[in-house]
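K.L.:
the following comprises the amino acid sequence and a computationally predicted model.
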Amino acid sequence: MEPILIYGFPAGSSMGLVACLEWLGRPYKLGRVDMLGEMREPSYKRITPRVETPVLITERGDVVTETIAIAAWLEARGPERRISFDPLSREAERMHQLMAFINTGFTGAFSPLWAAMEMQPSVPAMQSTLKEWGRENVIERHDRLEEMIGDTKFLIADHPTLADGILIGVARWLDIHQVADRARWPKLAALRERIEADPAVIYAMALENGEKCDRHRGMPGSCRAERGDRPVRRKVAANERARDGYRRPVARPPS
Ligand SMILES: N[C@@H](CCC(=O)N[C@@H](CS)C(=O)NCC(=O)O)C(=O)O
């Protein structure tokens, strides 16, 4: 059996791991789960009672959760070092440091913004506080990441690695929450542009948006929308659920 990555939509951080699998170049399968709907059902809870994405089902049928654990799993299966480095190298140290930074403080900074966006029923005073707190956190973590970016084309090297995949799944949340113009952090903006232009990322985003897209030819023109031609936006979906009387927990679990 090939390993299966279960990724979440809309706008799940797991999109970056789909790109990593593409870069890795080993056989894999994908499962796609609606985080605002079917992820809450008992069948998903049987896979992970923590009700989160991403989830990796290994060839042995074991369940691996947590982005960093899945990244470590991929790293161990890429002896060609396409998306990682010799474990004893400086590059490996730097990659692990950046992956941890992105998966903890950087990702967690968005939690108040998600909580405010998805709060049902709406509590304007609390939402406004959460938004203010979230915006400050996100800006501060972006400042720190900007300082950490070096002169390489991608985060660690001149080719994309696991760190770039983990970054790109989350970095777009800046735009979704309209925290600030990405140009405020020029190095990060340039890096995001390079990663987002990578065919594996275009492919992963097209899949996430429910579009049909040729593997390795993920250029916009080759993607065919399966369910509408607009990208699915988390807020739109959240609003639809709210309209239909769906109520999801206010707080997102911290990363
Ligand atoms: N620490 C976990 C956090 C995973 C996580 O929070 N995933 C989000 C999607 S990006 C999720 O499933 N949240 C549950 C929800 O939206 O209710 C990891 O890094 O894998």
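P.N.:
In hand now; what should we look at?
K.L.:
CA atoms for contacts and neighbours, from now on please.
P.N.:
Noted.
K.L.:
the ligand contacts on the stretch 1-150 of the chain?
P.N.:
12-13, 35, 52-54, 66-67, 103 (CA under 6 Å from any ligand atom).
K.L.:
and the helices in the stretch 101-250 of the chain?
P.N.:
Using DSSP state H, counting those that start in this stretch, the helices of the stretch 101-250 of the chain run over 107-108, 111-118, 124-148, 162-171, 173-176, 186-196, 199-208, 234-243.
K.L.:
would JSON lines of the ones you listed with mean neighbour count be doable?
P.N.:
Below are these laid out as JSON lines (neighbours: other CA atoms under 10 Å):
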{"stretch": "helix 107-108", "mean neighbour count": "21"}
{"stretch": "helix 111-118", "mean neighbour count": "23"}
{"stretch": "helix 124-148", "mean neighbour count": "17"}
{"stretch": "helix 162-171", "mean neighbour count": "25"}
{"stretch": "helix 173-176", "mean neighbour count": "16"}
{"stretch": "helix 186-196", "mean neighbour count": "17"}
{"stretch": "helix 199-208", "mean neighbour count": "24"}
{"stretch": "helix 234-243", "mean neighbour count": "16"}
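K.L.:
returning to that earlier point: can I get the residues of the stretch 1-150 of the chain next to the ligand in CSV including neighbour count and secondary structure?
P.N.:
Formatted as CSV, those follow (neighbours: other CA atoms under 10 Å; DSSP: H, G, I helix; E, B strand; the rest coil):
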residue, neighbour count, secondary structure
12, 21, coil
13, 25, coil
35, 20, coil
52, 22, coil
53, 23, coil
54, 24, coil
66, 16, coil
67, 22, helix
103, 20, helix
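K.L.:
out of the residues you listed, which is nearest to residue 135?
P.N.:
Proximity of those to residue 135 (CA to CA) peaks at residue 103, which lies at 17.5 Å.
K.L.:
separation between residue 4 and residue 205?
P.N.:
Residue 4 sits 17 Å away from residue 205, going by CA to CA, to the nearest Å.
K.L.:
weakest of the helices of the stretch 101-250 of the chain in terms of mean pLDDT?
P.N.:
Among these, helix 234-243 carries the lowest mean pLDDT, at a mean of 40.
K.L.:
let me see the contact set for the nearest residue to residue 188 once chain neighbours are set aside.
P.N.:
Residue nearest to residue 188 in three dimensions, not counting chain neighbours: residue 146, with 5.9 Å by CA to CA, 6 or more residues apart in numbering. With contact set as CA atoms under 8 Å, 6 or more residues apart in numbering, residue 146 has these partners: 185-188.
K.L.:
check residue 131 too.
P.N.:
112-113, 116.
K.L.:
same question for residue 153.
P.N.:
159, 191, 194.
K.L.:
tally of neighbours for the first one?
P.N.:
By the criterion of other CA atoms under 10 Å, residue 159 has 14 neighbours.
K.L.:
ok, it - contacts?
P.N.:
Residue 159 makes contact with residue 153 under the criterion CA under 8 Å, 6+ apart.
K.L.:
how near is it to residue 198?
P.N.:
In terms of CA to CA, residue 159 sits 10 Å off from residue 198.
K.L.:
what do you get for the second one?
P.N.:
Taking CA to CA as the measure, residue 191 and residue 198 are separated by 11 Å.
K.L.:
any idea which helix or strand carries residue 23?
P.N.:
Element membership of residue 23, judged by DSSP states H and E, is helix 15-24.
K.L.:
meant to ask about residue 32
P.N.:
If you go by DSSP H and E, residue 32 is part of strand 29-34.
K.L.:
I'd say residue 40 and residue 52 touch.
P.N.:
No - Residue 40 is beyond contact range of residue 52, at 9.2 Å (criterion: CA atoms under 8 Å).
K.L.:
that older thread, return the member of the contacts of residue 146 nearest to the ligand.
P.N.:
Using CA to the nearest ligand atom, residue 188 is the member of the contacts of residue 146 that lies nearest the ligand, at 20.2 Å.
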